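Undergrad: Okay, sequence plus prediction incoming.
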Amino acid sequence: MALDPGDSPGFLMWHVTLRWQRAIAAALTPLDLTHVQFVLLATTWWLNTRGEPPNQLTVARQAGTDVKMTSQVLRKLEAKSLIEREVDAADTRAKRLRVTEHGAQVAQRAITAVEATDAAFFGTLPDPGALLAMLRPLAG
């Protein structure tokens, strides 16, 4: 027997995700970042702050993104002077990534905007921690 769409977890997750993505996109528009650009910039910045100049594969794995798409988006972030990509001395096929000073400022502003958006979006839940507990095993 078919479920009513409102009783389908996948259907509801789809709609929640779309609403949340629209809210995130609106928060990032003033910073001239797409959602995926934000994720990759913030991931690179986070890894840099831990003393690691990551390569593109490390960033893709941390962010959960496709490696080829990651490379394309990182090139766009480089064109915006938010990151620098340098040939890895240990492996000339790889690129090491460093967030520029301007990129670090943008990353921190974007993280603040996204966290505020998340707080507003999920803050209406009676127990946001319960949502995290449900999502963690699903995130893989």
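TA: Here it is on my side, so go on.
Undergrad: which residues sit in contact with the residue nearest the centre of the chain?
TA: The chain has Val39 as the residue nearest its centroid, 2.0 Å off, counting by Cα atoms, centre = their mean. Residues near Val39 by Cβ atoms under 8 Å, 6 or more residues apart in numbering: 63, 65. All C-beta atoms are positioned from the backbone trio N, CA, C, and that covers glycine.
Undergrad: Check which helix or strand it maps to.
TA: helix 35-49 (DSSP states H and E).
Undergrad: Just give the number of residues close to His77.
TA: That one is not His; residue 77 is Leu. 24 (other Cβ atoms under 10 Å).
Undergrad: ugh, typo on my part, it should be Lys68
TA: Neighbours around Lys68, by other Cβ under 10 Å: 10.
Undergrad: what's the spacing between the residue nearest to the centre of the chain and Val87?
TA: With distances taken as Cβ to Cβ, to the nearest Å, Val39 is found 24 Å from Val87.
Undergrad: cool, Val36 as well?
TA: 24 Å.
Undergrad: Pick out whichever of those two has more residues nearby.
TA: Under the criterion of other Cβ under 10 Å, the comparison of Val36 against Val87 puts Val36 first, with 15 against 11.
Undergrad: nearest residue to the more buried one other than its sequence neighbours?
TA: Distances taken as Cβ to Cβ, 6 or more residues apart in numbering place Val73 nearest to Val36, at 5.6 Å, with adjacent residues excluded.
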